[in-house]
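Q: Got a predicted model here, sequence first, then my questions.
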Amino acid sequence: PLAGRVAIVTGSTSGIGLGIARALAAAGADIVINGLGDAAQIETARRELADAHGVRVDYDGANLLQPDGAVALVDNSLSRFGRVDILVNNAGIQHVSPIEDFPADKWDAILALNLSAAFHAIRTAFGPMKEAGWGRIINVASAHGLVASPFKSAYVAAKHGIVGLTKTVALEGARHGVTCNAICPGYVWTPLVENQIGDTANARGISREEVIENVLLAAQPSKKFASVDELGALAAFLCSEGGQSITGTALPVDGGWTAQ
Ligand code: NAD
């Protein structure tokens with residue numbers, strides 16, 4: 001159903017972004033993957049994605065901490081493919097610390113990547129999408145875009161911010177066939193979650209096992225991590241014709257976390 005469409009997925013060398021890139025490629029879209037990491041591993045992932053689904057997959061290593069990086073990512077994709085139909089703003093980082101110790105540079109980096117990069121990519125892709133009369137923008141927010149947890153001040157602020165940005169973009173795109181939605185995962189087992197277990201254990205003075213059982217999965221009534229494939233399936237649905245009237249929403253994929 002997405003044959004002939006071009007999708008940019010930021011932060012797709014790992015985790016949720018890679019899951020979403022796979023699902024969009026499986027639906028027939030050509031893909032621009034983006035993210036940091038080992039060049040050889042990224043090239044392997046790029047080739048596997050292209051071979052598995054018979055689509056074109058390009059890698060763009062733009063660093064999205066810089067506003068210019070997000071603009072260049074979209075501009076380069078437009079010149080390479082001649083179009084950008086789908087933009088998935090997924091790249092994100094986390095830092096866990098009590099607010100009085102929260103490093104100011106971490107605050108700036110989290111706001112830059114988790115919120116501002118999405119704005120810069122959207123403002124660059126939006127004109128061409130409106131002109132084409134079709135576009136899908138998906139922002140990977142978080143359950144932390146809807147509710148808070150202690151020790152994640154920058155992340156919670158950025159994720160609430162991107163839920164607000166999503167609504168505004170949806171209103172501006174509504175008459176032009178351009179939808180914009182936020183996906184709000186609870187806990188998904190990825191390197192981002194793996195890396196914060198130690199910091200959360202330190203911040204709370206408890207063990208790794210206690211963090212998994214009593215902090216992470218305590219929030220999720222399902223008592224299960226969601227999978228990156230589930231996020232991919234939702235993204236693919238939002239990009240389908242069945243998703244054309246879904247816009248401006250923040251869709252939790254959180255095993256019931258935010259229903260509490
Ligand atoms: P991850 O660490 O596995 O992947 C993050 C991706 O972002 C990687 O591809 C990385 O290379 C890329 N990235 C990091 N810094 C970058 C930069 N400066 N420029 C470009 N790319 C950069 O993380 P993940 O868990 O897959 O998270 C993806 C998104 O999902 C994030 O926005 C995160 O906040 C959100 N999220 C994750 C969970 C979870 O439980 N894992 C829950 C809710 C929301």
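A: Right, received. Where do you want to start?
Q: if I pick residue 132, what's in contact with it?
A: 83, 85, 177 (CB atoms under 8 Å, 6 or more residues apart in numbering). Every residue, glycine included, has its C-beta placed from N, CA and C.
Q: can you count the residues close to the first one?
A: Right, the one you point to is residue 83. 17 (other CB atoms under 10 Å).
Q: Tell me the one of the contacts of residue 132 nearest residue 121?
A: For those, the closest approach to residue 121 (CB to CB) belongs to residue 85, at 13.7 Å.
Q: which other helices and strands contact the longest strand along the chain?
A: Longest strand of the chain, by residue count under DSSP state E: strand 178-185. Helices and strands in packing contact with strand 178-185 are listed as helix 117-132, strand 135-140, helix 153-173, helix 228-239, strand 250-253; criterion 3 or more CB pairs under 8 Å, 6 or more residues apart in numbering; DSSP states H and E.
Q: could you point out which element follows that strand?
A: Using DSSP states H and E, the helix or strand that directly follows strand 178-185 along the chain is helix 191-204.
Q: Can you give me the buried ones in that following helix?
A: Buried residues in helix 191-204, counting neighbours by 16 or more other CB atoms under 10 Å, are found at 192, 193, 196, 197, 200, 201, 203, 204.
Q: Most proximal residue of the stretch 51-200 of the chain with respect to the ligand?
A: residue 92 (2.3 Å; CB to the nearest ligand atom).
Q: isn't that residue right up against residue 12?
A: No - counting by CB atoms under 8 Å, residue 92 stays clear of residue 12, with 11.8 Å between them.
Q: So for these two, which residue has more residues nearby?
A: Counted by other CB under 10 Å, residue 92 and residue 12 do not tie: residue 12 has more neighbours, with 30 against 25.
Q: what kind of secondary structure is the more buried one in?
A: Secondary structure, DSSP: H, G, I helix; E, B strand; the rest coil: residue 12 is coil.
Q: again with residue 59
A: strand.
Q: so the longest strand of the chain versus strand 135-140, what angle?
A: 20 degrees (axes from the mean of the first three to the mean of the last three CA atoms, to 10 degrees).
Q: Quick one: check strand 178-185 for contact with the ligand.
A: Yes - against the ligand, strand 178-185 shows contacts by CB under 6 Å from any ligand atom at residue 185.
Q: Show me which positions of the host helix or strand of residue 23 end up buried.
A: Using DSSP H and E, residue 23 maps to helix 15-26. Residues 15, 16, 17, 18, 19, 20, 21, 22, 23, 24, 25, 26 are the ones in helix 15-26 that count as buried (16+ other CB under 10 Å).
Q: and the helices and strands packed on strand 178-185 as CSV, adding mean pLDDT?
A: Output for the helices and strands packed on strand 178-185, formatted as CSV (pLDDT from 0 to 100):
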stretch, mean pLDDT
helix 117-132, 98
strand 135-140, 98
helix 153-173, 99
helix 228-239, 98
strand 250-253, 98
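Q: Deepest-packed of those, please.
A: Mean neighbours per residue, mean count of other CB atoms under 10 Å, is largest over these for strand 135-140, with a mean of 27.
Q: could I have that one exported to CSV, CA atoms only?
A: Only the C-alpha atoms of strand 135-140 are listed here, as CSV (Å, rounded to 0.1, in the frame of the first residue of the first chain):
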residue,chain,number,x,y,z
GLY,A,135,1.6,13.5,3.9
ARG,A,136,2.0,11.6,7.1
ILE,A,137,4.0,12.9,10.0
ILE,A,138,4.5,10.7,13.0
ASN,A,139,6.2,11.9,16.2
VAL,A,140,7.4,9.2,18.5
